[in-house]
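Participant: Sequence and predicted structure are below.
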Amino acid sequence: MTEWTIGEVGRRAGLRASAIRYYESVGLLPRPLRRNGRRIYDPSIIERLSVVELAQRAGFTIAETRMLLHGFARKTPPSARWQKFTERKLEQIAARIKEAQEMRQVLEALRRCHCPTLTDCGRALQDARCTDT
């Protein structure tokens, strides 16, 4: 049986040992076996780390990722797990995109600003809000 140290897992996964220990502490990874006080991992840990990375890249929080991994019956297929979380996450992303577009509009307006004072900018912004409604 192949056994890896935390350093070997880190090298293969492209992570620091501290990240692996953190993932263990927050319940994303199972507690490893220990031999002489050192963590010993099965190579399958790389697959679990890949799922954690995928969830991170999709914008899932630690709590959401933990729920994805442990919050379902064992027989629940991955597709059902992802579907439950992706609908909500897509809604959140849509809201963030809308917010970013609004920020961009404000920044573009500010880039064209020729107000002599910040107070004048504030008034102009308020006037624009009043005329938009």
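Facilitator: The structure has been received and is ready for your questions.

Participant: just the strands in the chain please.
Facilitator: 33-35, 38-40 (DSSP state E).

Participant: elements contacting the first one?
Facilitator: What it means is strand 33-35. Strand 33-35 sits against strand 38-40, with contacts defined as 3 or more C-beta pairs under 8 Å, 6 or more residues apart in numbering; DSSP states H and E. The C-beta positions use only the backbone N, C-alpha and C, and glycine is treated the same way.

Participant: Contact partners for residue 110?
Facilitator: Residues in contact with residue 110 (C-beta atoms under 8 Å, 6 or more residues apart in numbering) are residue 121.

Participant: Please tell me the pLDDT value assigned to it.
Facilitator: Note for residue 110: predicted pLDDT of 82.

Participant: What's the separation between it and residue 98?
Facilitator: Residue 110 sits 19 Å away from residue 98, going by C-beta to C-beta, to the nearest Å.

Participant: residue ranges with poor pLDDT in the protein?
Facilitator: Scanning the chain for pLDDT under 70 picks out the ranges 129-133.

Participant: Please name the residues that touch residue 17.
Facilitator: 6-7, 10.

Participant: out of those, who has the most neighbours?
Facilitator: Neighbour counts for the contacts of residue 17 (other C-beta atoms under 10 Å) peak at residue 6, which has 20 neighbours.

Participant: Centre of the chain to the edge, which residue is at the far end?
Facilitator: residue 116 (41.9 Å; C-alpha atoms, centre = their mean).

Participant: Just the helices from the protein, written as ranges.
Facilitator: 6-13, 17-25, 45-57, 62-70, 78-111, 118-132 (DSSP state H).

Participant: okay, these in CSV with distance to residue 39 next?
Facilitator: Converted to CSV, the helices of the chain look like this (distance: least, C-beta to C-beta, whole Å):
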stretch, distance to residue 39
helix 6-13, 5
helix 17-25, 8
helix 45-57, 10
helix 62-70, 19
helix 78-111, 27
helix 118-132, 55
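
Participant: and of these, who's closest to residue 38?
Facilitator: Counting by C-beta to C-beta, residue 38 lies closest to helix 6-13 out of the helices of the chain; the figure is 7.6 Å.

Participant: Output the contacting helices and strands for the closest one.
Facilitator: Packing partners of helix 6-13 (3+ C-beta pairs under 8 Å, 6+ apart): helix 17-25, helix 45-57.
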